[in-house]
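Peer 1: quick one, fold the following:
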Amino acid sequence: MNTIRHLTPGILAFAVAACATVPTEQPPVYELPETVTFAGETVPIDDPDVYARISTWYNFYLSQPWRVSRWIERAEWVFPIVEPILEEHDLPDDLKYVAVLESSLDPRAIGDAGERGIWQFMPATAEEHGLKMNRFIDERSDITESTEAAAEYFREARGEIGGSWNLAVASFNVGVDGVTQRVRRQGENDYWLMVFPPVTEDYLPQAVAAKLLMKDAEALGITPQVSYPRTRRFTVALEESPLYLTDIAEHIDVPFRAVWTANPHIWAPYLEPGEYNIYLPEDAATDLGREELERFLHEQPYEKRSFAADGEHTVAELADKLGISADELATFNDTSGGATPEEDEAIVYWRRGE
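Peer 2: All right, here's what the predicted structure looks like:
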């Protein structure tokens, strides 16, 4: 029953008036610096339109300090990986703020259209730039590999567009063709003087606002609430043995969750033989070298076994008989736990030797 129907007219009028009350004090509007650059290019902050576009986002984000705090927290983990890659490719350091805009620096972020990772690559773009995506890993969520791909994208985009980093950033949203067509039609190659679709119009102002806020955060009283541990990357190659993250966690004496959290690109805690990037908490891996880790993993006595399915039992039921998890058996056989393999179909699994 809708109780408001039973209020007397006087009480109802009072309730409506109370809901309509407007705060007497408006939140402060913070001013932007007199000089602003992005990716080494001057932002015409003295242009009222440009100022308003950036200021709107700056003050919007400032009204949500928890959001900026999350950026700073993740930056302590992500930026030490991203920054050296940008420097190695001779790219502007400010490009890292595009990742802030795209994903709030969350490697596990997934967009509505299937974008993934800190750079929010679509599958087709990721494949074009050599990122692996299979049932074990998705390198769009690998901070190192995806940043290498983003660096390649920005360098190529800038070359095709004609030398502007700001337009290369805009192309990350609207595409290289979308930028070059507008450059040709509008006879202009300065992002701030061009007309774009609304989302792209806001794209660079948001990135600039994110940069300014993250640099101003401490002075504005915005501080991180949690600390993400820095990680070290190991590239391990296993030709005949699988890789179990539980073994690694046990070897370096950290909780499994710590290893799992540090490796957002890994779908499952068990990987078939191959070459992988493995990230480990820096404090726990200080004295661990790649050779030692690879040697340890090679020493794990796993034996590959297989059997013919009977066509009657599901993968989950077969896994139960083997004494392993349904997810593990399903992952190694590229199927699901509820699937029923056909009769005589080969089922592969790994067993720790004695």
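Peer 1: make sure residue 147 is indeed in a helix.
Peer 2: Yes - under the criterion used here (DSSP: H, G, I helix; E, B strand; the rest coil), residue 147 sits inside a helix.
Peer 1: helix/strand/coil for residue 37?
Peer 2: Going by three-state DSSP: residue 37 is strand.
Peer 1: residues in contact with it?
Peer 2: Each residue near residue 37 by C-beta atoms under 8 Å, 6 or more residues apart in numbering is listed here: 43, 94. C-beta: built from backbone N, CA, C; applies to glycine.
Peer 1: all helices for the stretch 201-350 of the chain, in order.
Peer 2: Along the stretch 201-350 of the chain, counting by DSSP state H, counting those that start in this stretch, helices occupy 245-252, 256-262, 290-299, 315-322, 326-332.
Peer 1: could I get the ones you listed as a markdown table with mean pLDDT, distance to residue 93 and mean neighbour count?
Peer 2: Formatted as a markdown table, the helices of the stretch 201-350 of the chain follow (pLDDT from 0 to 100; distance: least, C-beta to C-beta, whole Å; neighbours: other C-beta atoms under 10 Å):
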| stretch | mean pLDDT | distance to residue 93 | mean neighbour count |
| --- | --- | --- | --- |
| helix 245-252 | 93 | 32 | 18 |
| helix 256-262 | 95 | 24 | 17 |
| helix 290-299 | 86 | 28 | 14 |
| helix 315-322 | 95 | 48 | 17 |
| helix 326-332 | 94 | 39 | 20 |
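Peer 1: any idea which of those helices gets closest to residue 215?
Peer 2: Taking C-beta to C-beta, helix 256-262 is the member of the helices of the stretch 201-350 of the chain nearest to residue 215, at 26.9 Å.
Peer 1: out of the helices of the stretch 201-350 of the chain, which gets nearest to residue 83?
Peer 2: With C-beta to C-beta as the criterion, residue 83 lies closest to helix 256-262 of the helices of the stretch 201-350 of the chain, at 18.2 Å.
Peer 1: which residues sit against the closest one?
Peer 2: Here helix 256-262 makes contact (C-beta under 8 Å, 6+ apart) with 229, 231, 245-246, 248-249, 266, 269, 279-281, 284.
Peer 1: circling back: possible to save the helices of the stretch 201-350 of the chain as CSV with distance to residue 97?
Peer 2: As requested, the helices of the stretch 201-350 of the chain are exported to CSV (distance: least, C-beta to C-beta, whole Å):
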stretch, distance to residue 97
helix 245-252, 32
helix 256-262, 23
helix 290-299, 31
helix 315-322, 45
helix 326-332, 36
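Peer 1: residue 345: which of those is closest?
Peer 2: helix 315-322 (10.5 Å).
Peer 1: measure how far that closest one is from the centre of its chain, please.
Peer 2: 35 Å (C-alpha atoms, centre = their mean, to the nearest Å).
Peer 1: show me what it packs onto, helices and strands only.
Peer 2: Contacts defined by 3 or more C-beta pairs under 8 Å, 6 or more residues apart in numbering; DSSP states H and E place helix 315-322 against helix 326-332, strand 346-352.
Peer 1: returning to that earlier point: wait, which of the contacts of helix 256-262 is closest to residue 296?
Peer 2: Set against residue 296, the nearest of the contacts of helix 256-262 by C-beta to C-beta is residue 248 (8.1 Å).
Peer 1: not counting its neighbours along the chain, what's nearest the closest one?
Peer 2: Nearest residue to residue 248, sequence neighbours excluded (C-beta to C-beta, 6 or more residues apart in numbering): residue 259, at 5.8 Å.
Peer 1: for residue 117, what are its contacts?
Peer 2: 103, 107, 109, 138, 140-143, 146, 264-265.
Peer 1: with adjacent residues omitted, what lies nearest to it?
Peer 2: For residue 117, ignoring the flanking residues on the chain, the nearest one in space by C-beta to C-beta, 6+ apart is residue 140 at 3.8 Å.
Peer 1: now do the same for that neighbour: its pLDDT.
Peer 2: The model reports residue 140 with a pLDDT of 98.
Peer 1: quick check: residue 183 touching residue 189?
Peer 2: Yes - using C-beta atoms under 8 Å as the test, residue 183 is close enough to residue 189 to be in contact (5.2 Å).
Peer 1: which residues are in contact with both of those two?
Peer 2: In terms of C-beta under 8 Å, 6+ apart, residue 183 and residue 189 are both contacted by the residues 161-162, 167.
Peer 1: for these, which single residue is the most surrounded?
Peer 2: Highest neighbour count within the shared contacts of residue 183 and residue 189, by other C-beta atoms under 10 Å: residue 167, with 25 neighbours.
Peer 1: hmm, back to that, just the contacts of residue 117 now: which is nearest residue 320?
Peer 2: residue 138 (28.5 Å).
Peer 1: and for whichever helix in the chain runs longest, what's in contact with it?
Peer 2: The residue-count maximum for a helix in the chain (DSSP state H) belongs to helix 65-88. With contacts defined as C-beta under 8 Å, 6+ apart, helix 65-88 is touched by 61-62, 92-93, 95-96, 99-100, 104-107, 118, 143-144, 147-148, 151, 210, 213-214, 217, 220-231, 233.
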